[in-house]
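**Q** let's see this in three dimensions:
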Amino acid sequence: MPLVLQDRAAAELARSSLAATTPAAKAEKRSRRKSLKTFFQIPVTTKSPVVVSPEGTAVVGSLPEDIVREVVERLQPNDILNLSLTSTHLRQLLLPALYDTVVLKSSRACRTALFMFREKRYLCGYIRKLAVRPNYYLAWPKPDDYLEEEWVADMLIDLSDELTLLNTFDWDALELPPDRLWDALSKRSVNLHLIIIYPRCH
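**A** Presented below is the predicted three-dimensional model:
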């Protein structure tokens, strides 16, 4: 009996193999493969097309910019950064969200960011809240390096012309900032209405 079952199974396999070699079967197989290829196709570029709708609204891929902004308002900063790296257009669209709040939590962060802002001054125009903490005692992951706080103040004064949207400034350092910093910020950042000072020398 097992031999009979094996013979029947072999016969069924032979018939199915023969049917698969017919022109109709080959055409159906090619069609199915083509459909799957189209379904799983992945773009070779990360650039999102910028399309303008009949109403004149720019869109990212198929999403209008106002929808993208609504989504971004619900994202964490790291998620916004990751999203901004997907295309040049999205990065430009998300710059205001990326640089709305800048917190420099160590001497290393102050040094790196202030040099960057000096090279790309246009980024300062997006900053609304700025916290500067040189020589910060809670710096992570390593103890903080010493940084001359007068240098930090001078760099901020140099950038103050571009800090036009700044409305909150937080200085947390060993010493009080020089008066010339306040003069520069108050004259050029017309929206500045909240200043927080935490001198750690007292």
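**Q** quick check: which ranges of this protein have low pLDDT?
**A** Residue ranges of the chain with pLDDT under 70: 1-63, 140, 201-202.
**Q** all strands of it, in order?
**A** For the chain, the strands defined by DSSP state E cover 50-52, 58-60, 63-64, 101-104, 129-132, 168-173, 194-199.
**Q** using CSV, lay out the ones you listed together with distance to residue 83 and mean neighbour count.
**A** Where C-beta positions appear, they are placed from N, C-alpha and C, glycine not excepted. Below are the strands of the chain laid out as CSV (distance: least, C-beta to C-beta, whole Å; neighbours: other C-beta atoms under 10 Å):
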stretch, distance to residue 83, mean neighbour count
strand 50-52, 16, 13
strand 58-60, 10, 17
strand 63-64, 12, 14
strand 101-104, 17, 17
strand 129-132, 21, 20
strand 168-173, 25, 20
strand 194-199, 29, 12
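**Q** looking at the ones you listed, which is nearest to residue 89?
**A** strand 50-52 (5.2 Å; C-beta to C-beta).
**Q** helices along the protein, start to end?
**A** For the chain, helices defined by DSSP state H occupy the ranges 2-20, 23-39, 65-72, 77-84, 88-98, 107-119, 149-159, 179-188.
**Q** in the fourth one, which residues are buried?
**A** Meaning helix 77-84. Judged by neighbour count using 16 or more other C-beta atoms under 10 Å, the buried positions of helix 77-84 are 80, 83, 84.
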